[in-house]
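Undergrad: Quick one, structure for this:
(chains A, B, C and D)
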There are 2 protein chains.
Amino acid sequence: MAQHHNHPHGSEGLTSSVLADRLRRAGQRVTPQRLVILGALLPSGHLAADEVFARVEGQLPGVNRSTVYRTLDLFSELGLVSVTDLGGGARQYELLDQPHHHLICHRCGEAIEMDDALIEPMREAIRARYGFAPQVDHLALFGFCIECQHAPPARDGADDVE
Amino acid sequence: MAQHHNHPHGSEGLTSSVLADRLRRAGQRVTPQRLVILGALLPSGHLAADEVFARVEGQLPGVNRSTVYRTLDLFSELGLVSVTDLGGGARQYELLDQPHHHLICHRCGEAIEMDDALIEPMREAIRARYGFAPQVDHLALFGFCIECQHAPPARDGADDVE
DNA sequence: CACGCAGATGCAACTAGTTGCATCTAAACT
DNA sequence: AGTTTAGATGCAACTAGTTGCATCTGCGTG
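TA: Below is the predicted model of the structure:
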């Protein structure tokens, strides 16, 4: 019900120029393609690579799909965007501001938003134990929601669960 | 009884018939394809869908790739196998016995094996807070390993890391 | 402000994964 | 055993994502 029009973990404070700076500081080149792709991600929440491509092509005809993929990949490695498989066929890309996470029900498909505080201890523990610095900004954990936990493992017949 | 002699998180104790039972108990049909696919996963660790397909086809000529995908998908939902994107192009499927996890370096690609104990608290917290039962048996977390943490974000030029 | 070149892009062919539909079959019920 | 049917499979066309290579360009250097 409560559809948040201002998405709760958006990127309100970010602008293209700030992002260009982040690119430059990371030792990466600032190209028109990269700026437009970044711009395409600014307004909304999750976007599939194809949706990004569509927006980008509108602004910069001739860009190639592989450039979009490669750039999204780069941004993900730079920690600028998160890549998440929400189980809906295509991975979802999102400009990263506030870390947030999803719990996705294998049975009914419901996605619950999860507080980052719940994974912070794990981050710490990993850092302490392995010296590894995890970038866990957008986790998708699959499992069963409270309603489906005791229901039979139906898949798309989707009996009377609602 | 030794827990594991060969691979550290294998499925030594499992046999086809046990797995067939698990299928049946879950209200799923037991078909030759499913048994062969299960069997293909028995011996080794990670397997890409395509490798599974190759093995299956050897035993049961005529099986279709989509059957393999659909079946692996089903098994994952039943909690029989884990699906993990290790960043190497194709997702890795593995018969699930001991939960285990990987820390993968964005820069050098190294994969560290992570103790399940580090994520158990998160599981608990999620259960307690949301009533959601997460199935986190094979997590892949990306980030930077201790060596690469202070190195420049090079990708495949792979300059002289020390 | 021209030059050089590491690195970014475009292109095309490829691999990986998904889906709608017709047919077939496991298993429930006579 | 024979019948029935929900659900599994095969097929084919499709979407999603990757990669090698030739060309182009951002940006550091003189």
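Undergrad: all helices in chain A, in order from the N-terminus.
TA: A:16-25, A:32-41, A:49-59, A:65-78, A:120-130 (DSSP state H).
Undergrad: Now tabulate those helices in CSV and tack on distance to chain B and mean neighbour count.
TA: Every C-beta, even on glycine, is put in place using the N, C-alpha and C of the backbone. CSV is the format used below for the helices of chain A (distance: least, CB to the nearest CB, whole Å; neighbours: other CB atoms under 10 Å in any protein chain shown):
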stretch, distance to chain B, mean neighbour count
helix A:16-25, 11, 14
helix A:32-41, 15, 20
helix A:49-59, 15, 17
helix A:65-78, 5, 18
helix A:120-130, 5, 16
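Undergrad: Any chance of CSV for the ones you listed, columns distance to B:Phe75?
TA: Compiled in CSV, those are given as follows (distance: least, CB to CB, whole Å):
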stretch, distance to B:Phe75
helix A:16-25, 41
helix A:32-41, 34
helix A:49-59, 27
helix A:65-78, 28
helix A:120-130, 26
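Undergrad: Minimum distance to A:Gly87: which of those helices has it?
TA: Smallest distance to A:Gly87 across the helices of chain A (CB to CB): 15.8 Å, for helix A:49-59.
Undergrad: Look up phi and psi at A:Asp85.
TA: phi -90, psi 100 (degrees, to the nearest 10).
Undergrad: Chain neighbours aside, what residue packs nearest to A:Ala26?
TA: A:Leu78 (5.2 Å; CB to CB, 6 or more residues apart in numbering or on different chains).
Undergrad: May I ask you to confirm that that neighbour is in contact with A:Gly27?
TA: No. At 9.7 Å, A:Leu78 does not count as touching A:Gly27 under the criterion of CB atoms under 8 Å.
Undergrad: How about the lowest-mean-pLDDT helix or strand in chain A and DNA strand C, touching?
TA: Of all helical and strand segments in chain A, the minimum by mean pLDDT, DSSP states H and E falls on helix A:16-25, at a mean of 84. No. Figure legend: helix A:16-25 not in contact with DNA strand C (CB under 7 Å from any atom of the strand); closest approach 9.0 Å.
Undergrad: for that helix, the distance to its chain's centre please.
TA: 19 Å (CA atoms, centre = their mean, to the nearest Å).
Undergrad: Let me know the angle separating that helix from helix A:65-78.
TA: Here helix A:16-25 points in a direction 80 degrees away from that of helix A:65-78 (axes from the mean of the first three to the mean of the last three CA atoms, to 10 degrees).
Undergrad: Show residues contacting helix A:16-25.
TA: A:29-30, A:34-35, A:38-39, A:42, A:78, A:80 (CB atoms under 8 Å, 6 or more residues apart in numbering or on different chains).
Undergrad: To B:Cys108, which of the helices of chain A lies closest?
TA: helix A:65-78 (11.9 Å).
Undergrad: What lies in contact with that closest one?
TA: A:22-23, A:26, A:28, A:33-34, A:37-38, A:49, A:52-53, A:56, A:81-83, A:93, B:106-107, B:153, B:155.
Undergrad: Report the entries of these that also contact DNA strand D.
TA: A:Ala49.
Undergrad: Can you pull the residues of chain A lying near DNA strand C?
TA: A:28-29, A:31, A:33-34, A:62-67, A:70-71, A:89.
Undergrad: quick check, nearest of those to A:Leu118?
TA: For the residues of chain A next to DNA strand C, the nearest to A:Leu118 is A:Gly89 (27.0 Å; CB to CB).
Undergrad: quick one: that closest one and B:Ala49, what's the gap?
TA: From A:Gly89 across to B:Ala49, the span is 15 Å (CB to CB, to the nearest Å).
Undergrad: Can you get me a residue count around A:Gly27?
TA: By other CB atoms under 10 Å in any protein chain shown, the residues close to A:Gly27 number 10.
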